[in-house]
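Enquirer: Need a 3D model of the sequence below.
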Amino acid sequence: MRLVLDTNVVVSGLLWNGRPAHLLDSAQAGEVELFTSTYLLAELAGILGRAKFAKALAATGLLREELVLGYAELATVVTPADIPPTIAADPDDDPVLACALAARVDLIVSGDRHLHDLGGHYQGIRIVRPAEAAHLIEAG
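Expert: Numbering: from 1, shown residues only. Just a heads-up that it's a prediction; the model follows:
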């Protein structure tokens with residue numbers, strides 16, 4: 001199964017236990033393939049640098065750069081597709097869609113309501129929450 005994880009899911013997976021971490025574990029075990037873009041990696045680095053994540057980041061024992069590079073090694077970096085502006089309420093979500101389209105993924109995994117407001121699909125790609133993605137992976 002091919003996935004794009006929204007940056008909010010990646011941050012949760014890197015810093016805490018739970019479904020997002022399970023998705024990263026599934027990728028490390030070779031059960032799923034993850035895809036990202038340089039834009040999403042830069043967004044990840046910026047978010048991990050926020051003060052509100054400092055304590056959780058310190059608890060990992062890794063530097064922000066190490067987490068980002070580790071994720072970049074776990075995922076395949078693709079050049080995003082050119083898409084028209086899609087999410088007017090939050091244009092920062094469009095790069096997730098562009099990455100997913102370029103990588104021809106099965107699922108976009110996100111907790112972001114703007115992505116879910118698309119009705120559960122984007123150009124034939126399902127948009128699911130981390131718990132549903134984990135269930136789909138477990139079900140095979």
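Enquirer: only C-alpha atoms for contact and neighbour calcs from this point on.
Expert: Noted.
Enquirer: For the protein, which segments are assigned as strands?
Expert: For the chain, the strands defined by DSSP state E occupy 2-5, 33-36, 76-77, 107-109, 121-122, 125-128.
Enquirer: Relative to residue 52, which of those strands is closest?
Expert: strand 2-5 (21.0 Å; C-alpha to C-alpha).
Enquirer: now for that closest one, which elements pack on it?
Expert: If you count contacts as 3 or more C-alpha pairs under 8 Å, 6 or more residues apart in numbering; DSSP states H and E, strand 2-5 packs onto strand 33-36, helix 94-103, strand 107-109.
Enquirer: re the thing from before, how about the strands of the chain, which one is nearest residue 86?
Expert: Ranking the strands of the chain by their distance to residue 86 (criterion: C-alpha to C-alpha) puts strand 121-122 first, at 9.8 Å.
Enquirer: What strands flank the closest one, and is each parallel or antiparallel?
Expert: Partners of strand 121-122 in the sheet, by DSSP bridges, are strand 125-128 (antiparallel).
Enquirer: gap between the strand it pairs with and the chain center?
Expert: Offset of strand 125-128 from its chain centre (C-alpha atoms, centre = their mean, to the nearest Å): 12 Å.
Enquirer: try stretch 120-131
Expert: On C-alpha atoms, centre = their mean, the centre of stretch 120-131 falls 12 Å from that of its chain.
Enquirer: Stretch 87-100 too?
Expert: Computed by C-alpha atoms, centre = their mean, the chain-centroid distance of stretch 87-100 equals 12 Å.
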